[in-house]
Each structure stands twice: as C-alpha cells, then as structure tokens.
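**Q** This is a predicted model, with the sequence first.
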Amino acid sequence: MILSAAVFLPIAGMIAILLTPKTQVKLIRQIAIGVSAVVFLLSAIATLQFDSGNTGMQLVEKVAWIPQMNVFYHLGVDGISIPMVFLTGLLGLLACVASYNIEVRVKEYFALYLLLLTGMMGTFVALDLFLFYVFWEIVLVPMYFLIGIWGGPRKEYAAIKFFLYTLAGSIFMLLGILALYFKSEPHTFDMVQLAANHAYSLGFQKIIFLALFFGFAIKVPIWPFHTWLPDAHVEAPTPISVILAGILLKMGTYGFLRISYPLVPDGARWFGIYMAILALIGIVYGGFVALAQTDFKKMVAYSSVSHMGFVILGLSVFTYSGFDGAVLQMFNHGTITAGLFLLVGVLYDRTHTRDMNSFGGLGARVPVYAAILTVFSLASLGLPGFSGFVSEFLCLLGSFTVYKVITIVSCIGIILGASYLLYMMQRVLLGPLNPKWKELPEINGRELFTLIPLMVIILLIGIFPQGMLNLFGPTTHALVDAMGGIAR
Amino acid sequence: MNVLQSLPFFTTEIILIATGFVVLLLDLFVGNKKALGYLTLAGVIASAFFVHVPQAPQPLFFGYFLVDAYSVFFKLAALGILAITILMALAYKGISAKQEGEMYALIAFLGMGLILMGSASNLLMIFLSIEFVSLTSYILAGFQKQNPSSNEAALKYLLFGSVASGVMLYGMSLIFGLTGTMDLQGIRDAVFASGLGQLLSLALVLMLVGFAFKISAAPFHMWAPDVYTGAPTPVTAFLTVGPKALGFAILLRVLMTSFAPFIYYWSVILAVLSALTMTVGNVIAVSQTNIKRLLAYSSIAQAGYILMGVVAASQIGLSGVLIYLVAYALTNLGAFIVVILAANQFGTEDIESYAGLAKRAPFLALALTVFFISLAGIPPLAGYIGKFYVFAGVIQGHFYGLAVIAALNSAVAAFYYFKVVKQMYFTEPKDSIPMAKPLPLMTALVITFAGVLILGVFPVPLIELARVSLSF
C-alpha cells in the first residue's frame, strides 16, 4: 500500500487544491508542500523497508485492472527503482519548497505540480507495461503547462517542442510494447513475466529495442535527440528545471534498465556498441557546447547532456561496474544538477539575469552562496570525495573492460567538465565585484533548506559510496547476469 | 418475422417517430420552443428504455432488420448522441425561433434513421436508412436559411452525397445481380460459393465508396470541412459523430457478415484509406484558424484511426472500433459543447478568440483541454483506450506500416490540438466579461467530461460491452 499511497497522494492533494479558492494562496502552498513532504516520507519509509539482498520485486501490489487485455495495476520496487523512488520523493519536496516564490496562477501551478509528481512516482514503480505507459504519458501534460505558463521568454516554443518530441518517442514505445504483448504467450504486459521468458529471435528483439529506444533516448536525452533539452531547461522556472534534470531525464535511463534490457536482452546487447558511440558523442559534444555558453542555465543544461552520456556509457557495456556506475550516476546527477539549477535560480531571482559575464566577484559579496556553488560545481566536475566522482569513475571502469578507445576518448568529457565549471566559477565568483551587484542579498533560509539536504547526500555518497552501492548492487548484478554480461 | 410479430421489437423506433410527429404538430400551437426541445429529449430518453436486448438475434420484417447485441450497442450509442445533441441545440443561439420546433422534430426523425442504420441487414434497407439519414442531414446542415455558408454546406453535402449514394447503389445493384439476393446472410452464402470474382470485387469497392463517404474517409472527405464549418454548430457536432458512428456500424456489418472470408482483399483497401484519411485530416488541420474547421479536419483524421480497427478485423480490432467510437463521440461532442459556449459569448469561431479562456472560465478551458488530450490519445482518458485498442489490433494483424504512419500522425495531431490549448492557457484574455453558462449545455458538458475521465480510468465495462456486442 505504501507505493500506491506515494503515487496517489499527490492526486488527492491536487483535488484538494482545485477545490480551494484561488485567493487562498498560502493554504494552497501549504497543501502542496504538506503533500510532497508526506510523499517524501513515504519514499523514505519504502527505502528503509527495502531489503537490498533480495533481487526480486518488493512491496508488490497487484490488482486486475483491464482483465480483457490482461492489464494489471501492478506496482513494486527493486534495487534499480528504489533509488529513483527516493530521489523523486526528495526532489519532489525540495522543488516544491523552491516553488514557494511562484506568484502568478498559484493554484494551477501546484495542482499541475502534484499531478506531475504522481506521474513520475508511478513511472518508477509500475511493473505493468500498460500502467507504465500511462504514468509515462501523465508526466507530459503537466510538464507542458508548467514550462509554458511559468517559463521564460520563449516558453511556448520550449513547451510544445518538449511535448511533441517526447510524445513522438513514446508512441513508438507504445508500438514496441504492443508487439511484445502479442509475442508473449500468454499475452501479458507484466514486466516480471516478460523478463522471465524472452525467447524471441534476435531480429524481433532488435526491432523492439529500437522502438523502445526512441521513447527512452529522447527522454534521456541521448545525442542526437537532445535538442529539446536546452530549450526546455532554460525556459522552465527553476523548480521545474530541477524536476526535469533531476527526475525526468532518469525516466529515460530507467526505461532501459527496467524494460529494454530485461525484456529484449539480446537486442540490447547487439545495440551496445552503438549506444556507447552515441554516449561518447553526447559526453564530448555536451561538454564542448557547455563550455561555449554564456547563459548560466544553458551551461548546466548542456552539462546534463554530457553527464547523462556517462550513464549511457555505463549502460552500454553490460558489466557489474558499468551498471553500478550508471545507476549511481543517475542518482548523483539528480542531486548535483538539481542543486546547480537551484543555485542558478537563487542568482536569477535576485539579479534577473543569467549571463555569466555580467557577474564577477560574487564570492566576496555572498560567501555562503559562493561556498555552496563551489561544492556543487566540484561535485559535478567529478572531484574525488564527492559523489559524482564515484559514479563517473565506475562508468568508465566498466566501459574500459569492453570499449577501451571509447572510454579513453570519453575522459575528455571529464576534462571538459572541469573546464566549463571552473570557467563558470571564475566568471561568477572570482575577479572584481561588478558594482551592479554590490547590494546583492545573501542566500536565504528557504533556499538553504533546499540545498543542504542535497549537499549532505553528495558528501555522504562521495565518502561512503558502499552504502548506496549495496542498496542496488545485487539487483544490477543479477540483471547483468541475466543478460549474459560480464561479471566484473 | 412478419410485420405484426416484429412490431414489439420496434418500440424504440416507433416512439421516436411519434415524438417527431407530435413535436411537429405542437410546433403550430406552442410558443415556447424550448419546451418542444425538452419534449424531444424526453422522447429520446424514453425510447432508450424500450431498447430490446434479445437473447438471440431476431430478424424483423421478413429479414430486413436484425435485432442483435450489435444493433443494440449502436442504438444506445445513437440515442446518447441524440440526447446530447438536443441539449446543445437547446442552448444554441443561431437558430431563429420560427424554425426551432422543426429542428427538434427533424432531430427525432434523424434519430430513428440512425437506429435503422444500426439494425439494417439487407442491402435495400441499408441504402434506405442511409438515404433517410442523409436527407435529414442535408436539411439540418442548411438550417440557418439566412446564412450563406450554411446554404453552401447543405448544397455541397447534397451534391457530394448524391454522387456517393449513386455509386454505392450501383455497387449494390451489381452485388444483387451477381448473387441474386440483397440479404447480407444470403450474399455471404452466394459469395462463399462463387468466390470473389472481378465483377464482385468491383461491386464491393463501389459500395465501399458510399460507406467511405459516410465516415468521411479520404479521398471522399472533400465535403466534410465545408459542411462541418457551415452547418449550425449542434448539427456539426452531431454530423461528426452520429452518421460517422453508424456508417462504421454498417461498414462493419456488411464486411463481417457478407465478405468476412475475403478480408485479405478489403483490409488492404481499407488500410490505404485509413493511412490516407488520417494523414490528410491531420496535415490540413495544422493550418486551420477556425475551431470548427480544425475539429472538422480532426474528425476526418479520427475516422482514419478508427478504420485501423476495421483493417485489423480481429476481436481486438473490432472491439477497438466500438470502443473508439464511443470514446470519440463523447469527446467530440464535449469539444463542440465548449465551442458553442464560446461562440455564444464571442460571436466568432476563431481560435484566437479562445485567448485566456483559462482565466475567464477555468472549467471550460479544463474541459476542452481534457477533450483534446483524449482526442490526441494521451492516457488516462477515454480516447487513449480507443487508440490503444486499434493500435493493438493493427500490431496483432502485422500491419506495421500502418501502425508507424498512425504513430507519426498522432504527434502531428497533438500539435494542432495544443495550438488551441496554448491560446487558452498561455495568452491573456482580451476582456473579463463572465461567460454565460446555460444549464442544458453545462449538463451535457459535465456528462461528457465525466464520461471521458471515467471511461479512461475504468474502461472495463465499455470493453466488456463492446465484446458482447460483436455478434458476428
């Protein structure tokens, strides 16, 4: 029941908000924050209840939904989904707190926000392909509105581009799902059953993998399907950028791990080398483009393309360390990039500009902000001691055993990461203080509240990654074994 | 069964005819035309209670009609569509009081025609019922006598419709000549014995042209945009769902009863029609600036999706057709209700007049958004269940090319649906005069809105209904 509660509580909150008069702004905010706090607690309890030694599905709920098509309302978590559930709960709460300064159309904002939360949580716990698809698509609609109404100057373009791009991809995913359904005997959408017997021909598996690939690759996004991402990230309001980067992108990589890999393993392995090449291009390309940006937010957006490239690289090799690295990198990228977007937002709220060249010397003016920004930047560029280092290292370690050249070239991405992040810090924090900002107020308590939990997690995982790896390691290793990957 | 034995099974039709005549008569004396509308509504609802659900299929009037589960499904669907249409007409401002009474009578007659279409099981009766519905539709399309575009709509509809009927009748006459019977069962036996020769396949194609016209499938859709735009909006709403749904009913019945063994032949033709229809509808809809025209092209495209289910012609595909038709009818009628509300207020049907509707009338904007999302086939709404089933049908039947075309089409469709959504939510309203919300329309809106939501989340009863209704 705990998973259902986490999935549907936001809907209940949404209805409560819709029934509240729109002038009761404070009450609406309190409902939204209250609901997302409870959802976070539920996700934390689910994480605590989770038995990491067990590689099967846990906290399972299964009820018939559409018996004529053998569709079940089937929820459950394993080691791959539980970090995502926790991340969704955490960022769901933090982004909701960060939404506190949304002033226009508050009622609609929080109603849509909670609907979005339901969709995301549902995607990570659904074990029935039909149900998964429903949640996957539910995410789209509120996101369209959240970008399109509360976004920046080019919000309408960014919103529809995001919407159509993802919709187009997901319809091909639906075709793949249906083909899988009709190939299975007896016909089923149950991911667990489908994973247990997947004796399909390689040709069929390749087609299915490709159909699913469009859906997932656009979401990640894998180069060359990434073009919606900079637009959406830059135009979206800060909390929504946090959700986009922190959770939505993970839905794509999660889709590979949950559906493509277990259900069509041979097809997936056949495409491994191509995934690795696309990952490499993403890492290097994203890094170079990030380096060229003057817009702070756009830089972080492109850094996501680069960092998600490491996830795909880890996923492309089917080794223990590659998969461990990929799942950990999903979680770490979620926390680190969410923090960076929050920090961009802090600055933007005060200065109404994101042009990095117009800052300078802020380190002296707002030292606490500067310190936090430094921590997140160093974590993002992969400095040992922070979480980002562990996961990127594992991804590269895993891929090195399979694709040596690709791995070596990918390391350029790490150097590029250091370059654009240090270059950003130089332009924003160091140098002479731009006199325009001499009255710049320091980061406030609410903003600290959203950032400090992320910092704690980043440091904890950086120093003691084993705790996290133990959580999902058995599951990822079982997946590698089931796919006939390399046990290293 | 002879006439006297058949009459008890014919109560629904009789009530509808009687309602029509009573309204026509009372129109001469009663000044309050709305009362006539409510009377018609009462007649329609009452007739629904007399829909007879037979244990076994009953041939009526010497086999001209067949009362089976399938016809019951379409009877109920047609009556539902009629009821909502009447609620829309009650609040529509474009009809003069002098004509209003006649309109309700015509709607009742039209309802009777639709119901006949659902149960006709003989080529002659199929032709007659189609013609009955068509003629009534022509009149209703041109009901705004003072409005040139309404006149144009009626004339265009008449001309195109007559040609299509002629072609269809020619096909039917060939079939009669080749098989010696007009009964669908008889044709099946004859065709099964003789095989599908060249002449018979030509006859089948000619007959399909007539059906394609009714469901506005490309390339026989040319009439639809002008007629849908010019006709009074409640009539448009009705035309986009009523004749289309019953057109599908006849298409399925004829193909599955008489020509089921030759599925390899007609499914290919229909696959091409389907791909063409959805592509033409969607691509042209993108550039529309008038909401009625946009919905007109969208309804052409929707016919293309529904055809996917016919192409598959499997249990899933055929259930898909029925499910999709119900979902589509609810959704499209709902969308037109909002169009009427907005047109009553703004006096125009430009998409631009929807600017800021979310601020002026949040529920209307929400409802229209939900309808568009349903039309776009995004879960968890009724339209998604329909789309899921027809997609499942073509994938199961290995029509992968059609599935891919439909997938690409869905993205195009989402673009223009969200063009309207964008106006409603992202643009500021021009003024803030509160919207008038007449009770009949709001009732219909709540019914359709709730239907689209509930059928999306709990589709089991509808799916089950569709399953038991497929009695061939």
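**A** Sure, I can see it.
**Q** quick one: least confident helix or strand in chain A?
**A** Lowest mean confidence among the helices and strands of chain A (mean pLDDT, DSSP states H and E): helix A:362-365, at a mean of 83.
**Q** what packs against it?
**A** helix A:367-380, helix A:404-429 (3 or more CB pairs under 8 Å, 6 or more residues apart in numbering or on different chains; DSSP states H and E). (Glycine included, C-beta is placed from N, CA and C.)
**Q** which helix in chain A runs the most residues?
**A** The longest helix of chain A (DSSP state H) is helix A:320-351.
**Q** picking up where we left off before, could you export the helices and strands packed on helix A:362-365 as a markdown table, including mean pLDDT, mean neighbour count and distance to chain B?
**A** Below are the helices and strands packed on helix A:362-365 laid out as a markdown table (pLDDT from 0 to 100; neighbours: other CB atoms under 10 Å in any protein chain shown; distance: least, CB to the nearest CB, whole Å):
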| stretch | mean pLDDT | mean neighbour count | distance to chain B |
| --- | --- | --- | --- |
| helix A:367-380 | 91 | 21 | 32 |
| helix A:404-429 | 91 | 18 | 32 |
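**Q** Contacts only, for residue 175.
**A** You didn't pick a chain, so chain A it is. Going by CB atoms under 8 Å, 6 or more residues apart in numbering or on different chains, residue A:175 touches A:211, B:391, B:395, B:403-404, B:407.
**Q** hmm, I had chain B in mind actually
**A** Contact analysis of residue B:175 by CB under 8 Å, 6+ apart lists B:123, B:182, B:187, B:200, B:203-204, B:207.
**Q** Just send the residues you listed back as JSON lines, with secondary structure too.
**A** Listed next are those as JSON lines, based on DSSP: H, G, I helix; E, B strand; the rest coil:
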{"residue": "B:123", "secondary structure": "helix"}
{"residue": "B:182", "secondary structure": "coil"}
{"residue": "B:187", "secondary structure": "helix"}
{"residue": "B:200", "secondary structure": "helix"}
{"residue": "B:203", "secondary structure": "helix"}
{"residue": "B:204", "secondary structure": "helix"}
{"residue": "B:207", "secondary structure": "helix"}
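**Q** from the residues you listed, which is closest to residue A:483?
**A** Proximity of those to residue A:483 (CB to CB) peaks at residue B:204, which lies at 50.8 Å.
**Q** what helix or strand does residue A:75 sit in?
**A** Taking DSSP states H and E as the criterion, residue A:75 maps to strand A:71-77.
**Q** quick one: is that strand near chain B?
**A** No - between strand A:71-77 and chain B, judged by CB under 8 Å from any CB of the partner chain, nothing touches; the nearest distance is 9.4 Å.
**Q** So which elements touch that strand?
**A** Packed against strand A:71-77 by the contact rule (3+ CB pairs under 8 Å, 6+ apart) you find helix A:2-19, strand A:58-66, helix A:106-125, helix A:129-150.
**Q** how far out from the middle of the chain is the host helix or strand of residue B:461?
**A** Using DSSP H and E, the element containing residue B:461 is helix B:460-469. Offset of helix B:460-469 from its chain centre (CA atoms, centre = their mean, to the nearest Å): 19 Å.
**Q** For that helix, give me every contacting residue.
**A** Outside helix B:460-469, the residues that touch it by CB under 8 Å, 6+ apart are A:65-69, B:69-70, B:72-73, B:315, B:319, B:322-323, B:326-327, B:385, B:389, B:455.
**Q** same thing but at 6 Å, please
**A** A:66, A:68, B:69-70, B:73, B:319, B:322-323, B:455 (CB atoms under 6 Å, 6 or more residues apart in numbering or on different chains).
**Q** pLDDT of that helix, averaged?
**A** Across helix B:460-469, the average pLDDT comes to 92.
**Q** that older thread, what comes up buried for the least confident helix or strand of chain A?
**A** By 16 or more other CB atoms under 10 Å in any protein chain shown, the buried positions in helix A:362-365 come out as A:362-363, A:365.
**Q** now, which of those residues sits nearest chain B?
**A** Taking CB to the nearest CB as the measure, chain B sits nearest to residue A:362 out of the buried residues of helix A:362-365, at 33.8 Å.
**Q** My guess is that closest one contacts residue A:427. True?
**A** No - here residue A:362 lies out of contact with residue A:427, judged by CB atoms under 6 Å, at a distance of 9.8 Å.
**Q** thinking again about what came up before, please narrow the contacts of residue A:175 to those residing in helices.
**A** Reading helices off the contacts of residue A:175 with DSSP H, I get A:211, B:391, B:395, B:403-404, B:407.
**Q** could you say what helices and strands the helix or strand bottoming out on mean pLDDT in chain B packs with?
**A** The weakest-scoring helix or strand in chain B, judged by mean pLDDT, DSSP H and E, is helix B:3-6 (a mean of 81). Helices and strands touching helix B:3-6, as assessed by 3 or more CB pairs under 6 Å, 6 or more residues apart in numbering or on different chains; DSSP states H and E, are absent.
**Q** In it, which residues are buried?
**A** Taking 16+ other CB under 10 Å as the criterion, helix B:3-6 shows residue B:6 as buried.
**Q** who touches it?
**A** Counting by CB under 6 Å, 6+ apart, residues outside helix B:3-6 touching it are B:60-61.
**Q** Check the offset of the helix or strand just after it from the chain's centre.
**A** Downstream of helix B:3-6, the next assigned helix or strand under DSSP H and E is helix B:11-26. Remark: helix B:11-26 is offset 22 Å from the chain centroid, using CA atoms, centre = their mean.
**Q** State the mean pLDDT of helix B:11-26.
**A** Mean predicted confidence for helix B:11-26 is 92.
**Q** okay, the angle between the longest helix of chain A and helix A:367-380?
**A** Here helix A:320-351 points in a direction 150 degrees away from that of helix A:367-380 (axes from the mean of the first three to the mean of the last three CA atoms, to 10 degrees).
**Q** Which of the buried residues of helix A:362-365 sits closest to residue B:118?
**A** Closest to residue B:118, out of all of the buried residues of helix A:362-365 and judged by CB to CB, is residue A:362, at 73.3 Å.
**Q** residue contacts, the closest residue to that closest one other than its chain neighbours?
**A** The spatially closest residue to residue A:362, leaving aside those adjacent along the chain, is residue A:429, at 5.3 Å (CB to CB, 6 or more residues apart in numbering or on different chains). Residue A:429 makes contact with A:362-363, A:370 under the criterion CB under 6 Å, 6+ apart.
**Q** Of those, just say which sits nearest to residue B:243.
**A** residue A:362 (68.0 Å).
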